[in-house]
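**Q** I'll drop the sequence and a predicted model, then ask my questions.
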Amino acid sequence: MVGAQPCDVLDLGAGAGALTAVALSARHRLVAADPSAAMLHELVAATPAAAAVQCTAEDLPLRPASFDVVAVATAFHWFDPDRALPEIARVLRDEGRLSLTWTTRDKSVEWVRRLGELLRAVQPAALKGDWGTGSVANVERSGLFQPPEYAEFELTQQIDRDGLLGLVASRSYVMALDDGERRRLLAEVGALYDETAARDGVSLPYRAQCWRAALATAPRRSG
Ligand SMILES: C[S@@+](CC[C@H](N)C(=O)[O-])C[C@H]1O[C@@H](n2cnc3c(N)ncnc32)[C@H](O)[C@@H]1O
């Protein structure tokens, strides 16, 4: 059953387990799958109640019809849809749902737009905020799922000066800058923070774009 009742959830492309932790706290039963051993190591440390499986979405070592929900957070655009979608359909129960989410910083907020400009001066793709979601078209195109429903949610994270500088400094393209460039960028981000922040910091706004698709009616399973 899909809804408020605890159900069987596969967190696919689980990474370090951000979604896994939330789903566990809602009392669902979790299997977390990711190809990266390093990510799964972090996930197991943070959420020992989840069963961790090292695999790709294209080749799931999981029984047919064993999940009510396959949830993919900010990862579906990395999958090969022609191979991953049949695998996802195979492991879902008849009433199951595929859930796709992308959470991106909301660049319609003025200071986030200016932060994006500072970052794009060193990495043109930084904070574009619209990557990935085009891959949802593959879900309907596969014929394995009904047309996805869509919902959008806004959320904010309160962040202080060190938190913002740490977030920027931890981007791989910022780490790759030479010392002078990195110091200059962090000084500019610090100045933006000082101009923007209230006493308790700044609100970092995010937009979660969510799709949910039910399985198409039979025939749908190959094995
Ligand atoms: C941006 S992270 C998102 C992690 C987590 N879902 C979250 O929301 O924090 C994308 C994850 O997708 C995983 N990934 C990449 N290609 C994959 C594939 N073909 N099958 C399954 N997972 C994949 C990566 O290892 C990475 O952990």
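**A** Great, that's in hand.
**Q** CA only for contacts and neighbour counts going forward, please
**A** Will do.
**Q** Give me the contact status of stretch 92-103 with the ligand.
**A** No. Judged by C-alpha under 6 Å from any ligand atom, stretch 92-103 stays clear of the ligand, getting no closer than 7.8 Å.
**Q** Convert the C-alpha atoms of the one helix or strand in the chain whose mean pLDDT sits lowest to CSV, please.
**A** Every helix and strand in the chain was compared by mean pLDDT, DSSP states H and E; the lowest is helix 172-175, with a mean of 84. Coordinates of each C-alpha in helix 172-175 appear next as CSV, following Å, rounded to 0.1, in the frame of the first residue of the first chain:
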residue,chain,number,x,y,z
SER,A,172,34.8,20.2,-6.4
TYR,A,173,35.5,23.0,-8.9
VAL,A,174,36.2,25.4,-6.1
MET,A,175,38.7,22.9,-4.5
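**Q** What residues of it count as buried?
**A** Val174 (16 or more other C-alpha atoms under 10 Å).
**Q** Give me the buried positions along the next helix or strand after it.
**A** Moving toward the C-terminus from helix 172-175, the next helix or strand (DSSP states H and E) is helix 179-196. Within helix 179-196, the residues that count as buried by 16+ other C-alpha under 10 Å are Arg182, Leu185, Leu186, Val189, Gly190, Leu192, Tyr193.
**Q** ok, now stretch 41-48?
**A** Leu43, Val44, Thr47.
**Q** out of those, who's nearest the ligand?
**A** Leu43 (9.8 Å; C-alpha to the nearest ligand atom).
**Q** by contact count, what packs against the helix or strand containing that closest one?
**A** Here Leu43, judged by DSSP H and E, is contained in helix 37-46. If you count contacts as 3 or more C-alpha pairs under 8 Å, 6 or more residues apart in numbering; DSSP states H and E, helix 37-46 packs onto strand 51-54.
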